[in-house]
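J.: No sequence on hand, only this structure:
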(Lines give C-alpha, C1' and ligand atoms only; values in the text may rest on other atoms or scores of the structure.)
Protein backbone atom coordinates (compact mmCIF):
# COMPACT_ATOMS: atom_id res chain seq x y z
CA UNK A 1 0.00 0.00 0.00
CA UNK A 2 1.26 3.44 -0.83
CA UNK A 3 -1.38 5.35 1.03
CA UNK A 4 0.68 7.80 3.04
CA UNK A 5 -0.66 10.17 5.68
CA UNK A 6 -3.15 9.28 8.38
CA UNK A 7 -6.32 7.32 7.74
CA UNK A 8 -8.85 7.14 10.56
CA UNK A 9 -11.54 4.57 9.91
CA UNK A 10 -14.70 4.26 12.05
CA UNK A 11 -12.76 4.74 15.29
CA UNK A 12 -14.77 4.50 18.50
CA UNK A 13 -13.40 4.67 22.04
CA UNK A 14 -15.56 3.93 25.07
CA UNK A 15 -14.49 4.22 28.68
CA UNK A 16 -16.17 2.40 31.52
CA UNK A 17 -17.28 4.70 34.33
CA UNK A 18 -17.92 3.91 37.99
CA UNK A 19 -21.60 4.73 37.38
CA UNK A 20 -21.88 1.87 34.91
CA UNK A 21 -22.89 3.85 31.82
CA UNK A 22 -19.79 3.90 29.57
CA UNK A 23 -18.67 7.23 28.18
CA UNK A 24 -18.15 7.41 24.43
CA UNK A 25 -15.15 9.69 24.08
CA UNK A 26 -14.74 9.12 20.35
CA UNK A 27 -17.68 8.06 18.22
CA UNK A 28 -17.24 6.52 14.76
CA UNK A 29 -14.70 9.03 13.52
CA UNK A 30 -13.66 8.58 9.93
CA UNK A 31 -11.19 11.13 8.58
CA UNK A 32 -8.14 11.36 6.44
CA UNK A 33 -5.10 13.56 6.76
CA UNK A 34 -3.17 13.74 3.50
CA UNK A 35 0.56 13.40 3.74
CA UNK A 36 2.45 16.58 4.64
CA UNK A 37 -0.58 18.55 5.69
CA UNK A 38 -1.32 20.31 8.94
CA UNK A 39 -4.67 19.60 10.56
CA UNK A 40 -6.00 20.97 13.85
CA UNK A 41 -8.75 19.56 16.02
CA UNK A 42 -10.76 21.97 18.13
CA UNK A 43 -13.53 21.15 20.53
CA UNK A 44 -14.82 21.85 24.02
CA UNK A 45 -12.70 20.60 26.86
CA UNK A 46 -13.66 17.08 27.83
CA UNK A 47 -14.48 16.01 24.30
CA UNK A 48 -12.36 13.22 22.88
CA UNK A 49 -9.63 15.30 21.21
CA UNK A 50 -6.76 13.92 23.25
CA UNK A 51 -8.24 10.43 23.19
CA UNK A 52 -8.32 10.47 19.40
CA UNK A 53 -4.71 11.61 19.38
CA UNK A 54 -3.82 8.81 21.79
CA UNK A 55 -5.38 6.25 19.44
CA UNK A 56 -3.33 7.53 16.50
CA UNK A 57 -0.21 7.47 18.66
CA UNK A 58 -0.90 3.86 19.62
CA UNK A 59 -1.09 4.70 23.31
CA UNK A 60 -4.85 4.24 23.56
CA UNK A 61 -6.51 1.16 22.10
CA UNK A 62 -9.67 1.88 20.13
CA UNK A 63 -12.83 0.05 21.14
CA UNK A 64 -13.47 -0.45 17.44
CA UNK A 65 -12.18 0.85 14.14
CA UNK A 66 -8.65 1.23 12.82
CA UNK A 67 -6.05 3.90 12.26
CA UNK A 68 -3.47 3.65 9.52
CA UNK A 69 -0.29 5.69 9.44
CA UNK A 70 1.51 5.65 6.12
CA UNK A 71 -0.48 2.63 5.08
CA UNK A 72 0.22 0.53 8.17
CA UNK A 73 -2.34 -0.24 10.86
CA UNK A 74 -1.45 1.24 14.25
CA UNK A 75 -1.23 -1.45 16.93
CA UNK A 76 1.04 0.27 19.45
CA UNK A 77 3.52 3.10 19.85
CA UNK A 78 5.47 3.62 16.67
CA UNK A 79 8.64 5.60 16.10
CA UNK A 80 7.38 7.05 12.85
CA UNK A 81 4.95 8.98 15.02
CA UNK A 82 6.35 11.82 17.11
CA UNK A 83 4.42 13.10 20.12
CA UNK A 84 4.48 16.41 21.95
CA UNK A 85 2.54 16.41 25.19
CA UNK A 86 0.58 19.10 26.92
CA UNK A 87 2.34 18.44 30.22
CA UNK A 88 5.92 19.19 31.08
CA UNK A 89 7.77 16.21 29.64
CA UNK A 90 11.42 17.21 29.67
CA UNK A 91 13.39 15.03 32.07
CA UNK A 92 14.85 17.33 34.74
CA UNK A 93 17.98 15.25 35.33
CA UNK A 94 19.12 15.52 31.72
CA UNK A 95 20.59 18.48 29.88
CA UNK A 96 18.83 19.86 26.81
CA UNK A 97 21.06 17.80 24.51
CA UNK A 98 20.58 14.62 26.54
CA UNK A 99 16.83 15.16 26.61
CA UNK A 100 16.80 15.45 22.84
CA UNK A 101 19.08 12.43 22.48
CA UNK A 102 17.03 10.28 24.82
CA UNK A 103 14.43 9.14 22.29
CA UNK A 104 17.23 8.38 19.80
CA UNK A 105 19.12 6.32 22.39
CA UNK A 106 16.03 4.20 22.99
CA UNK A 107 15.56 3.89 19.22
CA UNK A 108 19.14 2.65 18.89
CA UNK A 109 20.46 5.47 16.74
CA UNK A 110 24.25 5.43 16.45
CA UNK A 111 26.09 7.66 18.94
CA UNK A 112 27.73 10.13 16.58
CA UNK A 113 24.52 10.32 14.62
CA UNK A 114 22.61 11.07 17.84
CA UNK A 115 24.81 14.03 18.56
CA UNK A 116 24.57 15.44 15.06
CA UNK A 117 20.80 15.10 14.86
CA UNK A 118 20.33 16.46 18.38
CA UNK A 119 22.26 19.63 17.58
CA UNK A 120 20.34 19.99 14.34
CA UNK A 121 16.99 19.68 16.13
CA UNK A 122 18.08 22.09 18.84
CA UNK A 123 19.01 24.61 16.19
CA UNK A 124 15.71 24.06 14.41
CA UNK A 125 13.67 24.93 17.51
CA UNK A 126 15.90 27.92 18.24
CA UNK A 127 17.64 26.73 21.39
CA UNK A 128 21.22 27.03 20.18
CA UNK A 129 23.35 28.15 23.11
CA UNK A 130 21.32 26.17 25.63
CA UNK A 131 22.65 22.70 24.71
CA UNK A 132 24.06 21.94 28.14
CA UNK A 133 21.46 23.79 30.21
CA UNK A 134 19.17 21.81 32.48
CA UNK A 135 15.38 22.17 32.07
CA UNK A 136 15.15 23.88 35.48
CA UNK A 137 17.09 26.81 34.00
CA UNK A 138 14.64 27.22 31.12
CA UNK A 139 11.22 28.82 30.85
CA UNK A 140 8.09 26.79 30.16
CA UNK A 141 8.09 27.77 26.49
CA UNK A 142 11.71 26.73 26.08
CA UNK A 143 11.06 23.39 27.76
CA UNK A 144 8.27 22.76 25.26
CA UNK A 145 10.72 23.49 22.45
CA UNK A 146 13.04 20.88 23.95
CA UNK A 147 10.18 18.37 23.87
CA UNK A 148 9.49 19.32 20.25
CA UNK A 149 13.17 18.91 19.38
CA UNK A 150 13.16 15.46 20.99
CA UNK A 151 10.34 14.40 18.66
CA UNK A 152 11.81 16.05 15.57
CA UNK A 153 15.21 14.44 16.09
CA UNK A 154 13.64 11.05 15.41
CA UNK A 155 12.57 12.38 12.00
CA UNK A 156 9.00 11.10 12.32
CA UNK A 157 6.76 11.23 9.29
CA UNK A 158 3.83 12.14 11.52
CA UNK A 159 3.83 14.64 14.37
CA UNK A 160 1.02 14.64 16.93
CA UNK A 161 0.74 17.60 19.27
CA UNK A 162 -1.63 17.55 22.21
CA UNK A 163 -2.25 21.15 23.27
CA UNK A 164 1.49 21.74 23.54
CA UNK A 165 0.99 25.40 24.44
CA UNK A 166 -1.81 24.96 26.96
CA UNK A 167 0.35 25.78 29.96
CA UNK A 168 1.95 28.85 28.39
CA UNK A 169 1.00 32.52 28.43
CA UNK A 170 -0.60 34.15 25.39
CA UNK A 171 2.54 35.92 24.11
CA UNK A 172 4.63 32.76 24.27
CA UNK A 173 1.84 30.83 22.56
CA UNK A 174 1.86 33.21 19.63
CA UNK A 175 5.62 33.13 19.34
CA UNK A 176 5.73 29.36 19.51
CA UNK A 177 2.87 29.12 17.03
CA UNK A 178 4.93 31.08 14.52
CA UNK A 179 7.88 28.83 15.31
CA UNK A 180 5.85 25.69 14.68
CA UNK A 181 4.77 27.04 11.31
CA UNK A 182 8.34 27.94 10.39
CA UNK A 183 9.58 24.47 11.41
CA UNK A 184 6.72 22.72 9.64
CA UNK A 185 7.48 24.56 6.43
CA UNK A 186 11.01 23.15 6.62
CA UNK A 187 10.23 19.59 7.66
CA UNK A 188 6.75 19.12 6.22
CA UNK A 189 5.57 16.33 8.44
CA UNK A 190 1.97 15.24 8.56
CA UNK A 191 0.74 17.09 11.64
CA UNK A 192 -2.31 16.65 13.83
CA UNK A 193 -2.55 19.47 16.31
CA UNK A 194 -5.03 19.43 19.21
CA UNK A 195 -6.01 22.75 20.70
CA UNK A 196 -8.95 24.60 22.16
CA UNK A 197 -7.77 27.91 20.78
CA UNK A 198 -9.63 28.76 17.55
CA UNK A 199 -7.27 31.42 16.25
CA UNK A 200 -4.30 29.17 16.94
CA UNK A 201 -5.96 26.39 14.97
CA UNK A 202 -6.73 28.62 11.98
CA UNK A 203 -3.36 30.32 12.07
CA UNK A 204 -1.45 27.05 11.94
CA UNK A 205 -3.41 24.62 9.86
CA UNK A 206 -4.74 23.86 6.42
CA UNK A 207 -7.81 22.18 7.78
CA UNK A 208 -9.69 22.47 11.07
CA UNK A 209 -11.87 19.72 12.47
CA UNK A 210 -14.56 20.60 14.98
CA UNK A 211 -15.29 17.90 17.50
CA UNK A 212 -18.51 17.56 19.47
CA UNK A 213 -18.89 17.01 23.16
CA UNK A 214 -19.70 13.40 24.13
CA UNK A 215 -20.06 11.46 22.05
CA UNK A 216 -17.00 12.89 20.34
CA UNK A 217 -17.71 13.17 16.64
CA UNK A 218 -16.15 15.32 13.97
CA UNK A 219 -19.12 17.59 13.25
CA UNK A 220 -17.47 20.01 10.88
CA UNK A 221 -14.40 20.15 8.64
CA UNK A 222 -13.26 23.59 7.57
CA UNK A 223 -10.59 24.11 4.95
CA UNK A 224 -8.34 27.05 5.69
CA UNK A 225 -7.58 28.67 2.36
CA UNK A 226 -5.11 31.20 3.67
CA UNK A 227 -1.68 31.42 2.04
CA UNK A 228 0.67 28.72 3.27
CA UNK A 229 3.43 31.19 4.10
CA UNK A 230 1.18 33.26 6.36
CA UNK A 231 2.46 34.72 9.59
CA UNK A 232 0.74 35.92 12.74
CA UNK A 233 -0.31 39.18 11.04
CA UNK A 234 -2.95 37.21 9.13
CA UNK A 235 -4.99 37.29 12.35
CA UNK A 236 -6.18 40.81 11.51
CA UNK A 237 -7.42 40.07 7.96
CA UNK A 238 -11.15 39.79 7.15
CA UNK A 239 -10.62 36.28 5.74
CA UNK A 240 -9.25 35.14 9.05
CA UNK A 241 -12.21 36.63 10.91
CA UNK A 242 -14.61 34.97 8.56
CA UNK A 243 -13.00 31.59 9.19
CA UNK A 244 -12.96 32.17 12.88
CA UNK A 245 -16.68 32.99 12.89
CA UNK A 246 -17.37 29.92 10.83
CA UNK A 247 -15.54 27.64 13.27
CA UNK A 248 -17.04 29.32 16.27
CA UNK A 249 -20.54 28.84 14.86
CA UNK A 250 -19.98 25.10 14.69
CA UNK A 251 -18.38 25.00 18.06
CA UNK A 252 -20.66 27.24 20.08
CA UNK A 253 -23.55 24.89 20.56
CA UNK A 254 -21.17 22.08 21.48
CA UNK A 255 -19.24 24.17 23.95
CA UNK A 256 -22.44 25.19 25.61
CA UNK A 257 -23.58 21.58 25.85
CA UNK A 258 -20.24 20.54 27.32
CA UNK A 259 -20.27 23.43 29.73
CA UNK A 260 -23.78 22.59 30.97
CA UNK A 261 -22.91 18.93 31.31
CA UNK A 262 -19.74 19.55 33.30
CA UNK A 263 -21.58 22.07 35.51
CA UNK A 264 -24.32 19.53 36.18
CA UNK A 265 -21.74 16.88 37.06
CA UNK A 266 -20.02 19.36 39.32
CA UNK A 267 -23.10 20.00 41.48
CA UNK B 1 -7.07 42.58 17.74
CA UNK B 2 -3.95 43.42 15.79
CA UNK B 3 -1.10 41.10 16.39
CA UNK B 4 1.99 41.90 14.40
CA UNK B 5 4.54 39.24 14.69
CA UNK B 6 7.71 38.51 12.79
CA UNK B 7 7.14 35.11 11.26
CA UNK B 8 10.43 33.81 12.58
CA UNK B 9 10.86 34.46 16.25
CA UNK B 10 14.37 35.41 17.28
CA UNK B 11 15.81 32.10 18.39
CA UNK B 12 17.94 33.17 21.31
CA UNK B 13 15.50 35.64 22.83
CA UNK B 14 13.68 33.40 25.30
CA UNK B 15 11.61 34.75 28.15
CA UNK B 16 13.96 35.63 30.94
CA UNK B 17 14.95 32.73 33.13
CA UNK B 18 17.70 32.37 35.68
CA UNK B 19 21.06 32.38 33.93
CA UNK B 20 23.01 29.12 34.17
CA UNK B 21 25.86 30.73 36.10
CA UNK B 22 25.00 32.22 39.48
CA UNK B 23 23.07 29.49 41.34
CA UNK B 24 25.95 27.07 41.06
CA UNK B 25 28.48 29.49 42.45
CA UNK B 26 26.25 30.25 45.38
CA UNK B 27 26.03 26.55 46.23
CA UNK B 28 29.80 26.35 46.22
CA UNK B 29 30.05 29.37 48.47
CA UNK B 30 27.56 27.82 50.87
CA UNK B 31 29.51 24.59 50.92
CA UNK B 32 32.78 26.31 51.72
CA UNK B 33 31.15 28.39 54.43
CA UNK B 34 29.55 25.42 56.14
CA UNK B 35 32.78 23.41 55.97
CA UNK B 36 34.64 26.29 57.54
CA UNK B 37 31.98 26.70 60.23
CA UNK B 38 32.09 23.00 61.05
CA UNK B 39 35.86 23.03 61.39
CA UNK B 40 35.77 26.13 63.60
CA UNK B 41 33.07 24.61 65.78
CA UNK B 42 35.02 21.38 66.23
CA UNK B 43 38.20 23.26 67.15
CA UNK B 44 36.31 25.44 69.63
CA UNK B 45 34.70 22.39 71.21
CA UNK B 46 38.07 20.66 71.48
CA UNK B 47 39.61 23.70 73.12
CA UNK B 48 36.81 24.01 75.69
CA UNK B 49 37.03 20.28 76.36
CA UNK B 50 40.80 20.46 76.86
CA UNK B 51 40.58 23.51 79.13
CA UNK B 52 37.80 21.94 81.18
CA UNK B 53 39.82 18.77 81.65
CA UNK B 54 42.97 20.71 82.58
CA UNK B 55 41.03 22.76 85.12
CA UNK B 56 39.61 19.50 86.51
CA UNK B 57 36.02 20.66 86.05
CA UNK B 58 35.25 16.96 85.64
CA UNK B 59 37.13 13.84 86.53
CA UNK B 60 39.35 12.39 83.81
CA UNK B 61 37.71 9.10 84.63
CA UNK B 62 34.38 10.38 83.33
CA UNK B 63 35.74 12.33 80.37
CA UNK B 64 39.45 12.26 79.57
CA UNK B 65 41.07 15.25 77.87
CA UNK B 66 41.42 15.20 74.06
CA UNK B 67 45.19 15.28 74.50
CA UNK B 68 44.91 11.97 76.37
CA UNK B 69 42.75 10.49 73.59
CA UNK B 70 45.26 10.97 70.81
CA UNK B 71 47.83 8.55 72.26
CA UNK B 72 44.98 6.10 72.87
CA UNK B 73 43.92 6.41 69.22
CA UNK B 74 47.51 5.87 68.11
CA UNK B 75 47.68 2.79 70.28
CA UNK B 76 44.51 1.48 68.63
CA UNK B 77 46.03 1.85 65.19
CA UNK B 78 48.71 -0.67 66.13
CA UNK B 79 46.36 -3.03 67.94
CA UNK B 80 45.34 -6.12 65.92
CA UNK B 81 42.33 -6.61 68.20
CA UNK B 82 41.04 -3.19 67.18
CA UNK B 83 41.36 -4.05 63.50
CA UNK B 84 39.55 -7.33 64.08
CA UNK B 85 36.70 -5.48 65.81
CA UNK B 86 36.61 -2.76 63.16
CA UNK B 87 36.69 -5.36 60.39
CA UNK B 88 33.76 -7.26 61.84
CA UNK B 89 31.68 -4.12 62.35
CA UNK B 90 32.64 -2.86 58.90
CA UNK B 91 31.47 -6.09 57.27
CA UNK B 92 28.23 -5.96 59.25
CA UNK B 93 27.47 -2.34 58.43
CA UNK B 94 28.37 -2.57 54.73
CA UNK B 95 26.55 -5.89 54.43
CA UNK B 96 23.42 -4.44 56.02
CA UNK B 97 23.53 -1.34 53.82
CA UNK B 98 24.01 -3.54 50.75
CA UNK B 99 21.39 -6.17 51.49
CA UNK B 100 18.95 -3.74 53.10
CA UNK B 101 19.37 -1.15 50.33
CA UNK B 102 18.87 -3.63 47.51
CA UNK B 103 15.99 -5.41 49.26
CA UNK B 104 14.32 -2.07 50.00
CA UNK B 105 14.72 -0.93 46.41
CA UNK B 106 13.27 -4.17 45.06
CA UNK B 107 10.35 -4.07 47.51
CA UNK B 108 9.66 -0.42 46.66
CA UNK B 109 9.63 -1.17 42.92
CA UNK B 110 7.43 -4.24 43.46
CA UNK B 111 4.91 -2.21 45.47
CA UNK B 112 4.79 0.35 42.69
CA UNK B 113 4.43 -2.22 39.92
CA UNK B 114 1.76 -4.14 41.82
CA UNK B 115 -0.30 -1.55 43.69
CA UNK B 116 -2.48 -4.25 45.21
CA UNK B 117 0.53 -5.87 46.88
CA UNK B 118 1.56 -2.44 48.04
CA UNK B 119 -1.81 -1.72 49.57
CA UNK B 120 -1.83 -5.05 51.40
CA UNK B 121 1.66 -4.85 52.87
CA UNK B 122 2.10 -1.13 53.42
CA UNK B 123 0.50 -1.01 56.91
CA UNK B 124 2.84 -3.76 58.15
CA UNK B 125 5.86 -2.06 56.73
CA UNK B 126 4.89 1.23 58.33
CA UNK B 127 4.22 -0.33 61.72
CA UNK B 128 7.50 -2.27 61.48
CA UNK B 129 9.08 1.10 61.08
CA UNK B 130 7.92 2.08 64.56
CA UNK B 131 9.10 -1.14 66.24
CA UNK B 132 12.57 -1.14 67.78
CA UNK B 133 13.72 -4.18 65.84
CA UNK B 134 16.70 -4.63 68.14
CA UNK B 135 14.17 -6.32 70.42
CA UNK B 136 14.17 -9.30 68.09
CA UNK B 137 17.88 -9.81 68.43
CA UNK B 138 17.53 -12.54 71.07
CA UNK B 139 15.18 -14.38 68.74
CA UNK B 140 17.70 -14.05 65.92
CA UNK B 141 20.41 -15.46 68.15
CA UNK B 142 18.27 -18.48 68.88
CA UNK B 143 17.47 -18.99 65.21
CA UNK B 144 20.74 -18.08 63.47
CA UNK B 145 23.18 -18.20 66.32
CA UNK B 146 25.53 -15.65 67.81
CA UNK B 147 27.68 -13.86 65.29
CA UNK B 148 27.81 -11.75 62.18
CA UNK B 149 24.85 -13.23 60.24
CA UNK B 150 22.27 -12.54 62.94
CA UNK B 151 23.42 -8.91 63.19
CA UNK B 152 23.42 -8.45 59.42
CA UNK B 153 19.96 -9.94 59.02
CA UNK B 154 18.31 -7.68 61.56
CA UNK B 155 20.19 -4.55 60.55
CA UNK B 156 19.31 -5.27 56.90
CA UNK B 157 15.64 -5.43 57.80
CA UNK B 158 15.98 -2.13 59.64
CA UNK B 159 17.70 -0.55 56.64
CA UNK B 160 15.31 -2.02 54.07
CA UNK B 161 12.15 -0.51 55.54
CA UNK B 162 12.87 3.21 55.00
CA UNK B 163 14.47 2.39 51.66
CA UNK B 164 11.35 0.53 50.49
CA UNK B 165 8.91 3.18 51.70
CA UNK B 166 10.87 6.05 50.17
CA UNK B 167 11.40 4.28 46.86
CA UNK B 168 7.71 3.52 46.69
CA UNK B 169 6.65 7.09 47.47
CA UNK B 170 9.13 8.41 44.93
CA UNK B 171 7.94 6.09 42.17
CA UNK B 172 4.27 6.73 42.94
CA UNK B 173 4.91 10.46 42.53
CA UNK B 174 6.38 10.30 39.02
CA UNK B 175 4.53 12.64 36.65
CA UNK B 176 2.33 10.34 34.50
CA UNK B 177 3.56 12.07 31.36
CA UNK B 178 7.04 10.59 31.87
CA UNK B 179 5.54 7.12 31.59
CA UNK B 180 3.48 8.16 28.57
CA UNK B 181 6.64 9.52 27.00
CA UNK B 182 8.59 6.35 27.65
CA UNK B 183 5.84 4.27 26.08
CA UNK B 184 5.54 6.53 23.07
CA UNK B 185 9.25 6.31 22.24
CA UNK B 186 9.17 2.54 22.64
CA UNK B 187 10.98 1.91 25.94
CA UNK B 188 10.97 -1.67 27.17
CA UNK B 189 9.70 -2.25 30.71
CA UNK B 190 13.26 -2.41 31.96
CA UNK B 191 14.21 0.80 30.14
CA UNK B 192 11.16 2.52 31.55
CA UNK B 193 12.24 1.56 35.06
CA UNK B 194 15.96 2.18 34.73
CA UNK B 195 16.02 5.16 32.39
CA UNK B 196 12.89 7.06 33.42
CA UNK B 197 11.17 5.89 36.60
CA UNK B 198 14.11 5.37 38.95
CA UNK B 199 16.02 8.50 37.87
CA UNK B 200 12.82 10.48 38.33
CA UNK B 201 12.36 9.04 41.82
CA UNK B 202 16.07 9.39 42.65
CA UNK B 203 15.69 12.19 45.21
CA UNK B 204 13.37 9.97 47.24
CA UNK B 205 15.49 6.87 46.75
CA UNK B 206 18.50 8.82 48.01
CA UNK B 207 16.61 10.04 51.07
CA UNK B 208 15.73 6.41 51.70
CA UNK B 209 19.36 5.38 51.33
CA UNK B 210 20.38 8.04 53.82
CA UNK B 211 18.00 6.59 56.40
CA UNK B 212 19.05 3.06 55.47
CA UNK B 213 22.70 3.86 56.20
CA UNK B 214 21.85 5.44 59.55
CA UNK B 215 19.61 2.53 60.54
CA UNK B 216 22.19 -0.06 59.49
CA UNK B 217 24.87 1.64 61.57
CA UNK B 218 22.63 2.04 64.62
CA UNK B 219 21.38 -1.52 64.30
CA UNK B 220 24.81 -3.10 64.06
CA UNK B 221 26.40 -1.14 66.90
CA UNK B 222 23.37 -1.56 69.16
CA UNK B 223 23.22 -5.33 68.64
CA UNK B 224 26.95 -5.71 69.23
CA UNK B 225 26.41 -3.68 72.35
CA UNK B 226 23.94 -6.13 73.79
CA UNK B 227 25.21 -9.63 73.13
CA UNK B 228 27.94 -9.97 70.54
CA UNK B 229 31.43 -11.30 71.28
CA UNK B 230 33.35 -8.91 69.03
CA UNK B 231 32.95 -5.70 67.08
CA UNK B 232 33.24 -2.01 67.90
CA UNK B 233 29.95 -1.90 69.81
CA UNK B 234 30.90 -4.91 71.86
CA UNK B 235 34.34 -3.45 72.63
CA UNK B 236 32.89 -0.12 73.77
CA UNK B 237 30.64 -1.92 76.19
CA UNK B 238 33.44 -4.20 77.34
CA UNK B 239 35.76 -1.25 78.03
CA UNK B 240 32.93 0.52 79.83
CA UNK B 241 32.37 -2.49 82.07
CA UNK B 242 36.07 -2.66 82.92
CA UNK B 243 36.41 1.10 83.65
CA UNK B 244 38.89 1.66 80.82
CA UNK B 245 37.49 5.07 80.02
CA UNK B 246 40.21 6.45 77.78
CA UNK B 247 40.30 3.61 75.21
CA UNK B 248 36.49 3.52 75.33
CA UNK B 249 36.35 7.13 74.20
CA UNK B 250 38.90 6.37 71.51
CA UNK B 251 36.56 3.66 70.19
CA UNK B 252 33.59 6.02 70.36
CA UNK B 253 35.54 8.57 68.33
CA UNK B 254 36.24 5.91 65.71
CA UNK B 255 32.53 5.08 65.38
CA UNK B 256 31.66 8.78 65.14
CA UNK B 257 34.26 9.26 62.43
CA UNK B 258 32.92 6.33 60.45
CA UNK B 259 29.38 7.71 60.59
CA UNK B 260 30.59 11.14 59.51
CA UNK B 261 32.48 9.63 56.57
CA UNK B 262 29.37 7.72 55.47
CA UNK B 263 27.29 10.90 55.69
CA UNK B 264 29.78 12.88 53.63
CA UNK B 265 29.92 10.14 50.98
CA UNK B 266 26.13 10.23 50.74
CA UNK B 267 26.14 14.01 50.44
CA UNK B 268 28.62 13.76 47.56
CA UNK B 269 26.47 11.14 45.86
CA UNK B 270 23.43 13.35 46.32
CA UNK B 271 25.17 16.30 44.77
CA UNK B 272 26.11 14.25 41.72
CA UNK B 273 22.64 12.79 41.24
CA UNK B 274 20.79 16.04 41.84
CA UNK B 275 22.90 18.07 39.40
CA UNK B 276 20.72 20.59 37.60
CA UNK B 277 17.55 19.47 39.25
CA UNK B 278 16.64 22.38 41.51
CA UNK B 279 13.26 23.11 39.97
CA UNK B 280 11.88 25.31 42.69
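T.: Structure received. None of the values given here were measured: they were computed from a predicted structure.
J.: What average pLDDT does whichever strand or helix holds residue B:119 get?
T.: Here residue B:119 sits within helix B:115-130, counting by DSSP states H and E. Throughout helix B:115-130, pLDDT has a mean value of 84.
J.: same check, this time on stretch B:93-112
T.: Mean predicted lDDT for stretch B:93-112 stands at 95.
J.: Repeat that for stretch A:259-267.
T.: Model confidence over stretch A:259-267, given as mean pLDDT, is 69.
J.: Show the subsequent helix or strand relative to the helix holding residue B:119.
T.: helix B:137-144.
J.: In which helix or strand does the spatially most central residue of chain B reside?
T.: Taking Cα atoms, centre = their mean, the centroid of chain B lies closest to residue B:210, which sits 2.8 Å from it. Element membership for residue B:210 (DSSP H and E) is helix B:198-226.
J.: buried set for that helix?
T.: B:198-225 (16 or more other Cβ atoms under 10 Å in any protein chain shown). The way it works is simple: take the backbone N, C-alpha and C, and place the C-beta from them, glycine included.
J.: cool, stretch A:94-105 as well?
T.: Within stretch A:94-105, the residues scored as buried using 16+ other Cβ under 10 Å are A:94-104.
J.: In chain A, which residue is most central in space?
T.: By Cα atoms, centre = their mean, chain A has its centre lying nearest to residue A:161, at 1.9 Å.
J.: Isn't that residue up against residue A:57?
T.: No: Residue A:161 is beyond contact range of residue A:57, at 10.7 Å (criterion: Cβ atoms under 8 Å).
J.: Tell me where the stretch 51-200 of chain A has helices.
T.: Counting by DSSP state H, counting those that start in this stretch, the stretch 51-200 of chain A has these helices, from start to end: A:96-107, A:111-124, A:140-153, A:170-187, A:198-204.
J.: wait, the stretch 1-150 of chain B
T.: Using DSSP H, counting those that start in this stretch, helices in the stretch 1-150 of chain B cover B:22-54, B:66-77, B:80-113, B:115-130, B:137-144, B:148-172.
J.: before we move on, back to that, near chain B, list only the ones from the buried residues of stretch A:94-105.
T.: Near chain B, taking Cβ under 8 Å from any Cβ of the partner chain as the test, the members of the buried residues of stretch A:94-105 found are A:95, A:102-103.
J.: Burial check on residue 136, number of neighbours?
T.: As the question left the chain open, I've gone with chain A. Residues lying near residue A:136 (other Cβ atoms under 10 Å in any protein chain shown) number 17.
J.: Oops, wrong one, chain B.
T.: Neighbour tally, residue B:136, other Cβ under 10 Å: 16.
J.: Please apply the same query to the one 5 residues further on.
T.: The criterion is other Cβ under 10 Å. On that basis, residue B:141 has 18 neighbouring residues.
J.: For the chain, give me the ranges with low pLDDT.
T.: No chain in the question, so chain A it is. Applying pLDDT under 70 to chain A picks out residues A:1-2, A:265-267.
J.: I was after chain B.
T.: Segments of chain B classed as low confidence (criterion: pLDDT under 70) are B:1-29, B:278-280.
J.: Can you work out which other helices and strands pack against whichever strand or helix holds residue B:236?
T.: Assessed by DSSP H and E, residue B:236 sits inside helix B:232-241. When contacts are defined as 3 or more Cβ pairs under 8 Å, 6 or more residues apart in numbering or on different chains; DSSP states H and E, helix B:232-241 packs onto helix B:80-113, helix B:198-226, helix B:245-273.
J.: thinking again about what came up before, any common contacting residues for residue A:161 and residue A:57?
T.: Common contacts of residue A:161 and residue A:57, defined by Cβ atoms under 8 Å, 6 or more residues apart in numbering or on different chains, comprise residue A:83.
J.: Stretch B:236-256: end-to-end distance?
T.: 12 Å (Cα to Cα, to the nearest Å).
J.: Could you check how far that stretch is from the centre of its chain?
T.: Here stretch B:236-256 shows a centroid-to-chain-centroid distance of 24 Å under the convention Cα atoms, centre = their mean, to the nearest Å.
J.: Ok, stretch A:61-73 next?
T.: Centroid separation between stretch A:61-73 and its chain, computed with Cα atoms, centre = their mean, is 17 Å.
J.: does any bit of that stretch sit next to chain B?
T.: No: Stretch A:61-73 stays clear of chain B (Cβ under 8 Å from any Cβ), getting no nearer than 12.4 Å.
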